[in-house]
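Engineer: Let's see this in three dimensions:
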Amino acid sequence: MSQALHPMLNIAIKAARAAGAIINRASLDVGRLTVTAKSHNDFVTEVDEAAENVIIETILGAYPSHGILAEESGQTRGNKHSEFVWIIDPLDGTTNFIHGFPVYAVSIALAWRGQVQQAVVYDPSRNDLFYASRGKGAYLNDRRLRVSKCTRMLDSLIGTGFPFRKGDNFQRYMKMFEEVMVQCAGLRRPGAASLDLCYVAAGYYDGFFETGLNAWDVAAGSLIITEAGGLVGNFTGESDFLYQREIVAGTPRIYGPLVKTLAPYTRVIADDAPDADGEGATGGEGDDEQDAEDDAMIKVLQAAEDAAQAEKPVTRTRITAAAKAAEDKAKGSDAPF
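Structural biologist: The predicted structure is shown next:
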């Protein structure tokens, strides 16, 4: 790499490549893997666990006082009270991996006081390394990334993800799917959200949206997008999306129309807010039952974020690229990076 990188970003890259080596070796014979179902259509293998272990050992070896939030082990390792938290998905796209479908990645982000500062997403099957430091730009290997110049939804290619866990509201998603699909040139669903976000940053996609995601799915990719000139938020355009289990991202000209389309389906506004058909946001009693499990998880994750920062009123404002950049600069002015 030609440019000098932040020491913490270098550690993240070292950890990601070590995990990628484990994943690549295992990919040579996926039929021998032991696959365990965490829940319906949600799998974990010994590769996930081995990759996560090497990532955590690499990080804590360099920064033993830092905290860890990882997909498989949660917050059981590291300093739970640190202002520095490494957010880790050791193998994003496990279902793809166990089927030999080569779309999966290692995702590592470092958050300081709740704001992501360093990010790495590594695609081991292609040896593609996406990375970013706040205020320093986003890169794919040694190439600087910029989002696409697409300005019209009708010309846009949008990435998404389908609901797949018990309790996910499939009918609600299908309404969103239909509304976006008729406005754009095409929708794609490869199955690894961290890579989907990087594809927005690289200009392969013009936008992306998905529900039901966790912080480790989106933390790294979201910084890579903003450093490439894109916008990221929840379905109402708010920037505090990390623990709200919904995300929309895109170029500055595509982000706005996506937010406008998806806002009626947000999970963080009042339960009785109208949806696209003028009914409740959850679409009726049957949908309320399906959403109960996810809503409980949202409350737990949101509580963790609320404990670290003052509660802010939810307002619906139009976010421009200039306003977003000014906000990020103000937030990061005292960061030790």
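Engineer: Confirm Y139 sits in a strand?
Structural biologist: Yes - under DSSP: H, G, I helix; E, B strand; the rest coil, Y139 sits within a strand.
Engineer: Give me the neighbour count for it.
Structural biologist: If you count neighbours by other C-beta atoms under 10 Å, Y139 ends up with 23. (Each C-beta comes from the backbone N, C-alpha and C, glycine too.)
Engineer: Surely it touches Y131?
Structural biologist: Yes - the criterion here is C-beta atoms under 8 Å, and Y139 meets it with Y131 at 5.6 Å.
Engineer: Contacts only, for the spatially most central residue of the chain.
Structural biologist: Nearest to the mean C-alpha position of the chain, counting by C-alpha atoms, centre = their mean, stands V218 at 1.1 Å. Contacts here follow C-beta atoms under 8 Å, 6 or more residues apart in numbering; on that basis V218 touches A193, S194, L197, F241, L242, I247.
Engineer: Can you give me the domain boundaries for this structure?
Structural biologist: 7-126, 153-328 (automatic domain parsing).
Engineer: wait, which of these is closest to P336?
Structural biologist: domain 7-126 (7.2 Å; C-beta to C-beta).
Engineer: just to revisit the earlier point, ranking the domains of the chain by mean pLDDT, which is last?
Structural biologist: Across these, domain 153-328 has the smallest mean pLDDT, namely a mean of 77.
Engineer: number of nearby residues for E49?
Structural biologist: 15.
Engineer: Would you double-check that it falls in a helix?
Structural biologist: Yes - the assignment for E49 (three-state DSSP) places it in a helix.
Engineer: measure it to V85 for me?
Structural biologist: Shown here: E49 relative to V85, a distance of 20 Å by C-beta to C-beta, to the nearest Å.
Engineer: got the contacts of V218 as JSON lines, with distance to G61, secondary structure and neighbour count columns?
Structural biologist: Listed next are those as JSON lines, based on distance: C-beta to C-beta, whole Å; DSSP: H, G, I helix; E, B strand; the rest coil; neighbours: other C-beta atoms under 10 Å:
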{"residue": "A193", "distance to G61": "28", "secondary structure": "helix", "neighbour count": "27"}
{"residue": "S194", "distance to G61": "23", "secondary structure": "helix", "neighbour count": "31"}
{"residue": "L197", "distance to G61": "28", "secondary structure": "helix", "neighbour count": "32"}
{"residue": "F241", "distance to G61": "31", "secondary structure": "coil", "neighbour count": "22"}
{"residue": "L242", "distance to G61": "26", "secondary structure": "coil", "neighbour count": "25"}
{"residue": "I247", "distance to G61": "31", "secondary structure": "strand", "neighbour count": "27"}
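Engineer: which two in those are spaced the farthest apart?
Structural biologist: Maximum distance among the contacts of V218 (C-beta to C-beta): 14.7 Å, for S194 and F241.
Engineer: if we can go back for a sec, ok, of the contacts of V218, which one's closest to V180?
Structural biologist: Once C-beta to C-beta is applied, the member of the contacts of V218 that ends up nearest V180 is I247, at 13.8 Å.
Engineer: shouldn't that closest one be in contact with T236?
Structural biologist: No - applying C-beta under 8 Å, one finds I247 not in contact with T236, separated by 11.7 Å.
Engineer: Tell me which helix or strand the residue nearest to the centre of the chain sits in.
Structural biologist: helix 215-227 (DSSP states H and E).
Engineer: Let me know the next secondary structure element after that helix.
Structural biologist: Defined by DSSP H and E, the subsequent element after helix 215-227 is strand 231-233.
Engineer: in its sheet, what does that next one sit against?
Structural biologist: strand 246-250 (antiparallel) (DSSP bridges).
Engineer: could you check the angle helix 215-227 makes with the partner strand?
Structural biologist: 20 degrees (axes from the mean of the first three to the mean of the last three C-alpha atoms, to 10 degrees).
Engineer: What are the buried residues along stretch 49-69?
Structural biologist: Using 16 or more other C-beta atoms under 10 Å as the burial criterion, the residues of stretch 49-69 that qualify are 50-56, 58-60, 63, 66-69.
Engineer: out of the domains of the chain, nearest to F337?
Structural biologist: domain 7-126 (5.3 Å).
Engineer: can you give me the helices in the stretch 201-337 of the chain?
Structural biologist: Applying DSSP state H, counting those that start in this stretch to the stretch 201-337 of the chain gives helices spanning 215-227, 252-262, 285-308, 321-331.
Engineer: now the end-to-end length of stretch 203-218.
Structural biologist: Stretch 203-218 has an end-to-end distance of 17 Å (C-alpha to C-alpha, to the nearest Å).
Engineer: I'd like the domains of the chain laid out as CSV, including distance to P336.
Structural biologist: Below are the domains of the chain laid out as CSV (distance: least, C-beta to C-beta, whole Å):
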stretch, distance to P336
domain 7-126, 7
domain 153-328, 16
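Engineer: Tell me which of the ones you listed sits nearest to R143.
Structural biologist: domain 153-328 (8.7 Å).
Engineer: if we can go back for a sec, and the helix holding V218, how far out from the chain middle?
Structural biologist: Centre-to-centre, helix 215-227 and its host chain are 5 Å apart (C-alpha atoms, centre = their mean, to the nearest Å).
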